[in-house]
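Asker: quick one, structure for this:
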Amino acid sequence: MRFDLITLFPELFTAFLQCGVTRRAYESRQVDVRLWNPRDFAEGPYRRVDDRPFGGGPGMVMLAEPLARCVTAIRAERSDGAPLVLFSPTGERIDHARVEREASGPGAILLCGRYEGVDQRFVDSHVDLQLSLGDFVLSGGEVAAMALLDAVARLQPGVLGDAGSHESDSFNPALDGLLDCPHYTRPEDWRGQRVPAELLSGHHAQIDRWRRERRLEVTARLRPDLIEAARAAGRLAPQDERFLRQL
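Answerer: Numbering: from 1, shown residues only. Model (predicted):
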């Protein structure tokens with residue numbers, strides 16, 4: 001899959017694409033990331049990409065023309081009709097289902113907005129989808145783009161050391177959309193805090209049940225909406241419901 005990133009700060013992605021386990025996906029081109037700077041498509045000696053908003057007000061707005069030329073150049077290189085995604089506070093919140101769809105698709109053109117935003121005429125004529133990390137505002141879309149790329153890259157075959165690692169992640173349908181359970185490692189006793197006995201028992205069924213119950217407990221305490229979603233989808237067994245009633 002291929003992701004074309006439109007960003008005024010391509011240098012922000014240098015370390016991101018070279019560090020951590022997900023770099024395998026970028027180095028192998030399983031996730032082919034290409035960076036485009038709209039300044040390269042702007043006119044004038046200063047390569048201006050923004051201007052003051054009509055109607056007054058603070059900040060600047062990204063110009064439509066350099067972005068349109070940049071998109072035209074990208075589409076001249078790829079003919080798959082990839083959607084153009086704008087990261088924006090008004091966008092659909094990214095969740096695990098969205099990440100899974102992107103991870104199995106052809107990729108996209110990702111526009112990292114800056115300043116007060118992008119000229120609405122460009123949005124109306126070119127943007128296919130708007131995405132958001134949550135109900136807060138960032139200085140630009142680069143952090144959101146990195147988050148989406150990282151989530152997509154780690155789902156690619158061979159990227160994680162253990163092929164089943166992502167199946168135990170929070171929100172994964174394999175765990176019925178619940179949060180993950182707590183994890184422990186050596187030593188068994190750390191400053192008076194011991195590893196739960198169930199995890200040291202060697203009894204696989206007992207360990208599995210402990211993990212299931214901790215997932216239910218953590219999710220019920222922190223994200224009860226996920227419990228309701230799992231219940232509505234028929235994902236909770238009678239044993240799960242009995243445990244939840246005891247909490």
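
Asker: can you read off the backbone torsions of Gly192?
Answerer: phi 90, psi 0 (degrees, to the nearest 10).

Asker: pLDDT below threshold where in the protein?
Answerer: When residues are selected by pLDDT under 70, those of the chain lie in 162-168.

Asker: ok, now how distant is the residue most central in space within it from Gly20?
Answerer: With distances taken as CA atoms, centre = their mean, Leu148 lies nearest the centre of the chain, 3.0 Å away. The gap separating Leu148 from Gly20 is 15 Å, by CB to CB, to the nearest Å. The C-beta positions use only the backbone N, C-alpha and C, and glycine is treated the same way.

Asker: so this protein: which segments form each domain?
Answerer: With automatic domain parsing as the criterion, the domains of the chain are listed as 2-153, 169-246.

Asker: quick one: closest of those to Gly161.
Answerer: domain 2-153 (7.0 Å; CB to CB).

Asker: now the strands for this structure?
Answerer: Under the criterion DSSP state E, strands of the chain are mapped to 2-6, 32-36, 50-51, 61-62, 84-93, 107-111, 129-132, 189-190, 193-194.

Asker: just the CA trace of the longest helix along the chain, in PDB.
Answerer: Taking DSSP state H as the criterion, the chain has its longest helix at helix 204-222. Output in PDB follows, covering the C-alpha atoms of helix 204-222 (Å, rounded to 0.1, in the frame of the first residue of the first chain):
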ATOM      1  CA  HIS A 204      -3.300 -22.200  30.900                       C
ATOM      2  CA  ALA A 205      -7.100 -22.300  31.400                       C
ATOM      3  CA  GLN A 206      -6.700 -20.400  34.800                       C
ATOM      4  CA  ILE A 207      -4.400 -17.900  33.100                       C
ATOM      5  CA  ASP A 208      -6.800 -17.300  30.300                       C
ATOM      6  CA  ARG A 209      -9.700 -16.800  32.600                       C
ATOM      7  CA  TRP A 210      -7.700 -14.400  34.800                       C
ATOM      8  CA  ARG A 211      -6.900 -12.300  31.700                       C
ATOM      9  CA  ARG A 212     -10.500 -12.300  30.500                       C
ATOM     10  CA  GLU A 213     -11.700 -11.200  33.900                       C
ATOM     11  CA  ARG A 214      -9.100  -8.400  34.100                       C
ATOM     12  CA  ARG A 215     -10.100  -7.200  30.600                       C
ATOM     13  CA  LEU A 216     -13.700  -7.100  31.700                       C
ATOM     14  CA  GLU A 217     -12.800  -5.300  34.900                       C
ATOM     15  CA  VAL A 218     -10.600  -2.700  33.300                       C
ATOM     16  CA  THR A 219     -13.100  -2.100  30.500                       C
ATOM     17  CA  ALA A 220     -16.100  -1.800  32.900                       C
ATOM     18  CA  ARG A 221     -14.200   0.700  35.000                       C
ATOM     19  CA  LEU A 222     -12.600   2.900  32.300                       C
END
